[in-house]
Every structure is written in structure tokens, then in C-alpha cells.
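Enquirer: Output the structure for:
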Amino acid sequence: MATYVNNLRLKEITTGDESGTWGTSTNTNLELIGEALGFGTEAITTNADTHTTTVADGSTDEGRAMYIKYTGTLDSACTITIGPNTLKRVHMIENATSGSQNIIISQGSGANVTIGPGDTKVVYLDGAGSGAAVVDAFVDLDLSGGSVNVSTVKTNSGDMTFDSAGDIILDADGADVIFKDGGTTIAKFINSSSDFVIATDVDDKDFIIKGQDSTSEITALTIDMSAAGAATFNNDVTAFSDKRLKTDIEPISNALEKVMRMQGVYYKRNDVENAKTQVGVLAQDMETIVPEVVLTADDEMQTKSVDYGKLTAVLMEAVKELSNEVTHLKQQILNGG
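Expert: From the prediction side, this is the model:
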């Protein structure tokens, strides 16, 4: 009586067996080995809730293929049982059915693997008999000492965890690192001539930084993209002003004269849609008066900005100068002229 190798169901030929037909059986086995390394397509009966894939003993069968593509039309999820339940195999299984339904790969009463419509998974059949289980080979993928090259890594449910004993490196090789939700781009990390750019990608949606203060969640910073990037900090914004960090300290002279040359203006931004009227100064004018408060960006336009905070020191000294003049005038009046 013929016996068959379990995992591929190949016919075993004992010594002295099959006189005159040994070559035929051997060739069949070689063909089945080739089939096991290849591609198979199996159609599921329309709208079936269950389907069985069986690897036949010693004869060709789609279920023997390493890569199995399931086709057919489904109106509900279909459980596919791969038998016999003693097979220990690794399969790549593609859900190419129509109807937007899951297929569930089973071998016994143990764990199953669900494959979403249009998805492909690598699964391991443990062949444990009636309690056989199917395992998603990439659920807990260990890449220690190696690498994997893929274009898409996808889970149908649950979290995806990257746990590394060292650094986790995202290398886009000159391109962007893109964050999506449901296929919609939300934000990007962009390499712009070695400038690190964080860009939101949805119209008028804010950039928000949150954190924990003791046990309370706080919004530390909100950048309002619907207001041309207006920034709101939850609390104080400070800069180092420690005397020990400063050299060449000199008092500000002629501060009042400088302030008298400054002009406050109303204006609207011409680079912002539906811009609101604002108040401020013109950077080019300030550059001729107090160049220390004007910054020039390293962009194509060399756009200029004003550090309004630094103007406080000039205004403070101007008030002191004005106060001294008032005091002097008062003293003259008291002295009769």
C-alpha cells in the first residue's frame, strides 16, 4: 500500500517497489515538488460561507502551491479550511475575491488568520491535527541581524509596534516621510536642502504640541494654519538673558531719537488669503534705525522679520530719556524759568 510524505503528499517508493513504474512515480513527485514551489488559483463557490482546500495524495492540486490566490464572489466572510490538518506548511495567500469580504484561513480548532479583500499574507500551518492553528508569519517579525525590502506594510486591525534595542531610523533617501490616515496625507517630514521641515497637509488644520504637566494634559503650542500660522503658546515664552552669557555690554543711547524715527502702521498681508488688518512696523524701515531687531531669512526672497520683543529695550530707554526731559522741564518751571 502506498504511503505519502506528509507535508507535500508525495508518494514514497520503498526498496524494490514499483518495478517498471518507478520512473513514472518519480517524475510525478518531481512535478508535484515544482507545483509546491509555484502559484495556484482556487475559485470559491459564489457566496459560500465555507470552503475546503485539500492537498491530494500523489496528484496535482492547487492547494499544494506555495502561493495560493483565492477568487470568486462573496457576500459575507468565508472560512477556508486547508487540509489535511496534519500538514505543516508555509503559504502566501492572496484574497482576490470580489465583494469586499474577508477570507479566514483555518486548519483545525486552533487560531485562524483573517485576510482582508485585496490583501496577501504569509501564514504558517502548524499541522497539529484537530487542534491545528494558522499563524500570521509577520505578526511578530524578528529582523535582528537582517533586513526586509517591502513597499507596503499593512495590518487589518490592531496596533503595529516597532521595538528596537537601538535607534529606529526612517531613511527616505531624499524623499519625504509622509503620515497618512485612511489614505489621506496628514503631515510630512521634508528634507528641504538639509532644512528639516514639518508640514501639515490638510487645509486650515492646526499644528499642535501637547504634553503632560504633572497629571494634566496641556496644549503647549498651537499654530493656526487658518490664520497664516499665528502661534499661541499656553504660557510664557522666554529667551536666555543671563548676564554671565553676555559680553561687550553697552547702554542704548539716543533711544528716544530712534523711537521718533519709527512709524507704526496698519497693514494687510498680501501673501495670505482673506488677510485681516494688523498693526506693526516695516522691517526695511526698522533696519535703518535698529538693525539688531531685524532678521533676514535664508529663502529666495530673503524675507525680513522683526523681533518685536527686542524693541522693548529700546522703548524702555526712550521712556527713561523722555522722563528725564520731563523732570528737567519741571525743575525749570519750579525754579521760575
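Enquirer: Could you say which helix or strand holds Glu94?
Expert: Using DSSP states H and E, Glu94 maps to strand 89-95.
Enquirer: tell me the mean pLDDT for that strand?
Expert: Confidence over strand 89-95 (mean pLDDT, whole number) is 90.
Enquirer: Quick one: name whatever helix or strand follows it.
Expert: strand 103-106.
Enquirer: Which strands and helices lie in contact with that following strand?
Expert: When contacts are defined as 3 or more Cβ pairs under 8 Å, 6 or more residues apart in numbering; DSSP states H and E, strand 103-106 packs onto strand 78-83, strand 89-95, strand 113-115. Every residue, glycine included, has its C-beta placed from N, CA and C.
Enquirer: Check which residues of the second one are buried.
Expert: For strand 89-95, the neighbour count (16 or more other Cβ atoms under 10 Å) marks Arg89, His91, Ile93, Glu94, Asn95 as buried.
Enquirer: and Thr86, how many neighbours does it have?
Expert: Counted with other Cβ atoms under 10 Å, the neighbours of Thr86 add up to 16.
Enquirer: In a helix, it, correct?
Expert: No - the assignment for Thr86 by DSSP: H, G, I helix; E, B strand; the rest coil gives coil, which leaves it out of any helix.
Enquirer: Chain neighbours aside, what residue packs nearest to it?
Expert: Using Cβ to Cβ, 6 or more residues apart in numbering and skipping the chain neighbours, the partner closest in space to Thr86 is Gly127 (4.9 Å).
Enquirer: Just confirm that neighbour is within a strand.
Expert: No - Gly127 is assigned coil when assessed by three-state DSSP, not a strand.
Enquirer: Hmm, it is touching Asn85, no?
Expert: Yes - with contacts defined as Cβ atoms under 8 Å, Gly127 counts as touching Asn85 at a distance of 6.8 Å.
Enquirer: between those two, who's got more neighbours?
Expert: Asn85 (20 against 17).
Enquirer: Might you report the residue contacts of that one?
Expert: Gln107, Gly108, Gly127, Ala128, Gly129, Ser130, Ala132 (Cβ atoms under 8 Å, 6 or more residues apart in numbering).
Enquirer: now with 6 Å?
Expert: By Cβ atoms under 6 Å, 6 or more residues apart in numbering, Asn85 lies in contact with Gln107, Gly108, Gly129, Ala132.
Enquirer: Thr81 now?
Expert: Contacts of Thr81 were listed using Cβ under 6 Å, 6+ apart, and they are Thr52, Ser106.
Enquirer: From Thr45, how far out is it?
Expert: Summarising the geometry, the distance separating Thr81 from Thr45, computed by Cβ to Cβ, to the nearest Å, is 14 Å.
Enquirer: ditto for Lys258
Expert: Remark: distance between Lys258 and Thr45 (Cβ to Cβ) = 88 Å.
Enquirer: now swap in Asp213 and tell me
Expert: In this structure, Asp213 lies at 60 Å from Thr45, with Cβ to Cβ as the measure.
Enquirer: And Ala128, by the same measure?
Expert: With Cβ to Cβ as the criterion, Ala128 and Thr45 are 28 Å apart.
Enquirer: and what of Gly211?
Expert: Gly211 sits at a distance of 56 Å from Thr45 (criterion: Cβ to Cβ).
Enquirer: Could you tell me how many residues sit around Ile103?
Expert: 26.
Enquirer: thinking it is in contact with Ile115, fair?
Expert: Yes - between Ile103 and Ile115 there is a contact under Cβ atoms under 6 Å: 5.2 Å.
Enquirer: Mind listing the shared neighbours of those two?
Expert: Common contacts of Ile103 and Ile115, defined by Cβ under 6 Å, 6+ apart, comprise Asn95.
Enquirer: who touches the residue nearest the centre of the chain in this structure?
Expert: Note on the chain: the residue nearest the mean C-alpha position is Phe179, at 3.9 Å, using Cα atoms, centre = their mean. With contacts taken as Cβ under 6 Å, 6+ apart, Phe179 has the following neighbours: Ile186, Ala187.
Enquirer: repeat for Asp119
Expert: Contact criterion Cβ under 6 Å, 6+ apart gives Asn95 as the residues in contact with Asp119.
Enquirer: One more: Ala275?
Expert: Lys268, Arg269.
Enquirer: What distance do you get for it to Tyr266?
Expert: 12 Å.
Enquirer: what secondary structure does Ile169 sit in?
Expert: The three-state label for Ile169, taken from three-state DSSP, comes out as coil.
Enquirer: Can you get me a residue count around it?
Expert: Around Ile169 there are 6 residues (other Cβ under 10 Å).
Enquirer: per-residue pLDDT, it?
Expert: For Ile169, the pLDDT comes out at 87.
Enquirer: any idea how far it is from Thr152?
Expert: If you measure Ile169 against Thr152 using Cβ to Cβ, the figure is 19 Å.
Enquirer: And Asp203, by the same measure?
Expert: Between Asp203 and Thr152 the distance is 27 Å, computed by Cβ to Cβ.
Enquirer: cool, Asp242 as well?
Expert: For Asp242, the distance to Thr152 - Cβ to Cβ - is 51 Å.
Enquirer: Please apply the same query to Val272.
Expert: Relative to Thr152, and taking Cβ to Cβ, Val272 is found at 38 Å.
Enquirer: More neighbours: which of those two?
Expert: In this comparison of Val272 against Thr152, neighbours counted by other Cβ under 10 Å, the higher total goes to Val272 at 12 against 5.
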